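A.B. asks: My questions concern the predicted model and sequence given below.
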Amino acid sequence: MRGQHNNDGENSSRPRKLIHDAQEYAYKWHEVCLRVHQGVADVDPDLATRMFHSAVLNYWTQMRRFSEEPRVKGQWEDEALWEDGEEDVTLSDIGDRYRFASTTEQLSEYDVAGGEDVQTESMPVCLSVGQSTRLLDKLDNIAHTLAFDAQPGEKEGAPQVV
């Protein structure tokens, strides 16, 4: 017998594995960022931050498919993760604000004497390590609510892998 199927006919062990893998990958990069902060990792800090950002957004993408579940909808749409300017950022805002967003950075000043224009470069937006950590914690809370963090048979009602 294969894995159980949900109402959509999707194998219930597949989303569980994708979520687990995304979670593990995010924690791997969280650990690297901690080691960079402690000065014991031979990794460029900007690279570690960007990889943690990418890993936690992948985890967010896997969890997003469950954002309409009644047990987590309020957490997804209403609970603020942090403020961005004057606005609170919720899980439902992450995709629009941070997933494929970019910002323009100025590389040089206008050269009055030479008449050259200001040079700019488009850079992808990247969450800080603190923001990525808050996002990771919130996603873990939702995974716990949905019983995706329990091993088969640990929690009643948890998705079972057969």
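C.D. replies: Thanks, I have it. Numbering: from 1, shown residues only.

A.B. asks: low pLDDT regions in this structure?
C.D. replies: 1-12, 105-120, 149-162 (pLDDT under 70).

A.B. asks: Now do the helices in it.
C.D. replies: Taking DSSP state H to define them, one finds helices in the chain at 13-38, 45-64, 73-77, 94, 129-145.

A.B. asks: so which of those helices is the most packed in?
C.D. replies: Of these, the one with the most neighbours on average (mean count of other Cβ atoms under 10 Å) is helix 94, at a mean of 22. Every residue, glycine included, has its C-beta placed from N, CA and C.

A.B. asks: what sits up against that one?
C.D. replies: Identification of contacts with helix 94 by Cβ atoms under 8 Å, 6 or more residues apart in numbering yields 57, 60, 81, 135.

A.B. asks: if you set the cut-off to 6 Å instead, what comes out?
C.D. replies: residue 60 (Cβ atoms under 6 Å, 6 or more residues apart in numbering).

A.B. asks: Kindly report the same for stretch 135-145.
C.D. replies: Contacts for stretch 135-145 (Cβ under 6 Å, 6+ apart): 26, 56, 59, 63, 71, 72, 75, 81, 149.

A.B. asks: residues in contact with the third one?
C.D. replies: It stands for residue 59. Here residue 59 is in contact with 22, 23, 26, 139 (Cβ under 6 Å, 6+ apart).

A.B. asks: Between those, which sits nearest residue 41?
C.D. replies: residue 26 (16.6 Å; Cβ to Cβ).

A.B. asks: quick revisit: just give me the closest of the contacts of stretch 135-145 to residue 127.
C.D. replies: Taking Cβ to Cβ as the measure, residue 127 sits nearest to residue 56 out of those, at 7.1 Å.

A.B. asks: and the gap between the closest one and residue 67?
C.D. replies: With the distance defined as Cβ to Cβ, to the nearest Å, residue 56 ends up 16 Å from residue 67.
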